[in-house]
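S.K.: quick one: sequence and predicted model below, then my questions.
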Amino acid sequence: MLGFPLIRYAEEPAAAAHAAGWFLDHAWLIALIPAIGFAIILFFGKKLPFKGAEVGIASMVASLVLSAGAVYQWIDLGHDAHPVIKTWTWWQSGGMQFTLGQHIDGLALMALILVSFISTLVQIYSVEYVRDDRRFTHFFASLTLFSAGMLTMVLAENMVQLILGWEIMGLCSFMLIGHWWEEKANSNAALKAFWTVRVGDMGLLVGTAVLFGMFHTFSIDKINNTVAEGGGFSKSMLMTAAIALFIACIGKSGQFPLHTWLPDAMAGPTPVSSLLHSSTMVVAGVFLVARIYPVFHTGLDINVAGQQFNLIAVIGGITVLIAAVLAFVQNDIKKVLAYSTVSQLGYMMMGLGVGAWTAAVFHIFTHAFFKCCLFLCAGSVSHTGSHHSFDMKADMGGLRKKMPVTFITWMLSTAALCGVPFFSGFFSKDEIIDSAHANHYTVFWVVGLIGAFLTTAYMTRATYLTFFGQARGAAAHFVHGDDHADADHHGAADSHATDDAHGAHDVKHSRPLPFAPHDSGWLITVPLIILAALAVVSGYLNAPAFHIEKFHHWVTPHLINEMVPEAPVFKWVNALPSIALVALGFIVSLAISKAVFGSEPSPLKGLTKRNSLLGAGHRFVANKYYLDDLYEKVIVRSIAHPIAQGAYWINQRVIDATVNSVGIGGRKSAGWVYRNVDQRMVDGVVNGSGIAASEAGESLRASQSGKVNQYGALLFGAAAVGALVLVIVNS
Amino acid sequence: MWVNNFLILGAVLFAIGVYGVIARKNAVLVLMSIELILNSVNINLLAFSQMHNNVDGNTFALYIIAVAAAEVGVGLAMVMLIYRNRKTIALDDLSEMKG
């Protein structure tokens, strides 16, 4: 039976045993409320006084309140609490039941509160940022559904529900990245994001199918427990499932080699980039690995003695380095942040790959705050600082005095991202690096340290270009003392709004600017301040340096705690290398930035143009290692077009010649066959049978009297004869 | 032995029905004869169903009754239309199917 909303409640006996509290029992509401909010905005949004924004924000706030309540009750339950699992039958087909439900444990709650919190702030920020946009209502509808998708995935009880949320997010990212689709580049970026992620999604379907084949269940809890108990399943099958699922994570979380869609996704409005890069979408891949960690841990032999490399750690490690290097050659501030996200996601994957589960999940947590803040700062700069340009070299510089709030929040978040001691990034990132060392993954320890160095260096470069040095382009407008700037302010605000609707965020300034750089309105600065504050303090939930392990107690499930090695004991000596490298990265990058981008003449200026080797290296990186070219020009073209010239030559000379000679020979023999076989034999037979049929028809024509009774008589006569034959044969 | 009685009844009805279909000129009577044939089959089904103590025959019989009702509905409608167009329902006069 296939009834769509045939939802039947079936409480798990384990969950029924202990009442967990109202908020935990009703955690599914956290995902449902934004989904309903989406429908309301879509159907009634345009008629509402605030064009649907209030519904979006209200639903996110409701989710946030519910998550906060659930988190409170979870902490109240204590360390050994079992996950709160509930299932409803969604639909059934051929004896298989597909369920929806909730699987609430520390990990799910961490993600729930993170997503609802960040979504709330991003929606508030968006009210100002996309004000007067022509698709304002649709923007909020998509944004709300996006959050609903992530929340559905995060509290998924089974793999099917997880795929559901996963795909909702894929769809919404497409809609949001292509929000300003009138420009070809934007719709291309949206398509690229969608298709690249689709490539990975195949892995998710295959992996889920393999898991179902092995364990005959979609339930995440049962799969995790069965794998953790060990035995009774094929190890190689589990490895296949782990690899297939990891391919999905590579696509979704922008890991090498499918990271190319993430920087292009910057085509979307800045709040979207911010949401996409901090707590939703890209984190989904890392979350999936963390969620069914036993499958990966056992399937890929993580932490088995003597193991130096494994798939997850290698992919994560490569991503850390290549993305960090790419961030150096970007002029677009959002692209620097995009590559930074890719690189940080690499850290999370690497952490999971070396068995540092808690550290990796904690990095998701802290990263969400500071990366969201950085993106919103970039948006703030473009909104009121550089007139919708994101080009650091052309339109920014010297903004620190003009935009103090943006500058301070940016600095705090940057410090957190770089891992400056006592900021949140220090506690999470260093824990990953430290664990790699303690778990004997020496290579990845080195990769992590180099990554820390690179991170500080590229962020220093970006900060210098944006906030220090000489004001350029749009940012320089006020400095040059244009007297009518203020007078023009209001009149020009209209054209500024129209630009917004057109998505003119990439437009190089080519006409008098309407306003001088100043700080954005409170709808933008308040979320910035909140996020920056959290970027500083969120690290103290799990600061081994001060013997705080709250996050570990609340989030890490019992199951995984027993699986992975104990987190290393924090020693300042172990943290010294990374602190030193961060400091070194800062000094080196600052010196080079000053020399290259500063006002004084310097031998370093234009070095890539003079030195051919460095120039070649710069070109190689600036072209993103030619990966896009590889995908589009080689792989896509070779499938879409014939395999170019060589194939053409073979086609003409070899295949055509063969075909021609076969053709000539064929025609000659065909002529003989035609004359002899066809004309004489076949035609003779055909004509003969035709004549016979026509004559038989003539003679039988008499029986076709057109009288119904005669037909009936013939029918029954024939049936009688048939019956008689049957009787004789059977007797 | 009792099942024979039903089978004989069915066979007789069937024969009457066949005779009616072949010999009658009136279209309505031909339709009625077809009903006889169908019902003779029903009797057979029910008899065997009782004999094997199996409910399948009953199910089929119900099914045939439903189909027969539909068939008569369509058949009578056709006869009505023929009558309207030609003012006759004698089957001898209808030889449009002649090949």
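M.R.: Alright, I've got the coordinates. Numbers count the residues shown, from 1 in each chain, chains lettered A, B, ... in the order given.
S.K.: low-scoring stretches of chain A, by residue?
M.R.: A:1-20, A:79-80, A:94, A:385-387, A:473-518, A:598-618, A:620-652, A:655 (pLDDT under 70).
S.K.: let me fix that, I meant to ask about chain B.
M.R.: B:1, B:97-99.
S.K.: would you tell me which residues of it are close to chain A?
M.R.: Neighbours of chain A within chain B, by CB under 8 Å from any CB of the partner chain: B:18, B:21-25, B:30, B:91-92, B:94-99. The way it works is simple: take the backbone N, C-alpha and C, and place the C-beta from them, glycine included.
S.K.: closest to A:Ala575 among these?
M.R.: Proximity of these to A:Ala575, judged by CB to CB, is greatest for B:Met97, which lies at 98.8 Å.
S.K.: hey, where'd the helices end up in chain B?
M.R.: Under the criterion DSSP state H, chain B carries helices at the ranges B:2-23, B:27-51, B:56-86.
S.K.: what does chain A put close to chain B?
M.R.: If contacts are counted using CB under 8 Å from any CB, the residues of chain A sitting beside chain B are A:Arg701, A:Gln704, A:Ser705, A:Gly706, A:Lys707, A:Val708, A:Asn709, A:Tyr711, A:Gly712, A:Ala713, A:Phe716.
S.K.: what separation is there between the fifth one and A:Ser273?
M.R.: For A:Lys707, the distance to A:Ser273 (CB to CB, to the nearest Å) stands at 83 Å.
S.K.: higher neighbour count, the two?
M.R.: When A:Lys707 and A:Ser273 are compared on other CB atoms under 10 Å in any protein chain shown, the one with more neighbours turns out to be A:Ser273, at 28 against 17.
S.K.: most packed of the helices of chain B?
M.R.: Of all the helices of chain B, helix B:27-51 has the most neighbours on average by mean count of other CB atoms under 10 Å in any protein chain shown, namely a mean of 18.
S.K.: just the angle between that one and helix B:2-23, please?
M.R.: Interaxial angle of helix B:27-51 relative to helix B:2-23 (axes from the mean of the first three to the mean of the last three CA atoms, to 10 degrees): 160 degrees.
S.K.: now the angle from helix B:27-51 to helix B:56-86?
M.R.: Our comparison of helix B:27-51 with helix B:56-86, counting by the same axes, to 10 degrees, yields an angle of 180 degrees.
S.K.: does anything pack onto helix B:27-51? Which helices or strands?
M.R.: Contact partners of helix B:27-51 among helices and strands, from 3 or more CB pairs under 8 Å, 6 or more residues apart in numbering or on different chains; DSSP states H and E: helix A:708-730, helix B:2-23, helix B:56-86.
S.K.: only the buried residues of the helix or strand where A:Ile250 lies, if you could.
M.R.: When secondary structure is defined using DSSP states H and E, the element that contains A:Ile250 is helix A:235-252. Buried residues in helix A:235-252, counted by 16 or more other CB atoms under 10 Å in any protein chain shown: A:238-252.
S.K.: residues in contact with the helix or strand that that helix is followed by?
M.R.: Toward the C-terminal end, the helix or strand that comes next after helix A:235-252 (DSSP H and E) is helix A:261-264. Outside helix A:261-264, the residues within contact range by CB atoms under 8 Å, 6 or more residues apart in numbering or on different chains are A:188-189, A:192-193, A:196-197, A:254, A:277, A:282, A:326, A:330, A:335, A:338-339, A:341-342, A:624.
S.K.: before we move on, back to that, of the residues of chain A next to chain B, buried ones?
M.R.: With burial judged by 16+ other CB under 10 Å, the buried subset of these is A:Lys707, A:Val708, A:Asn709, A:Tyr711, A:Gly712, A:Phe716.
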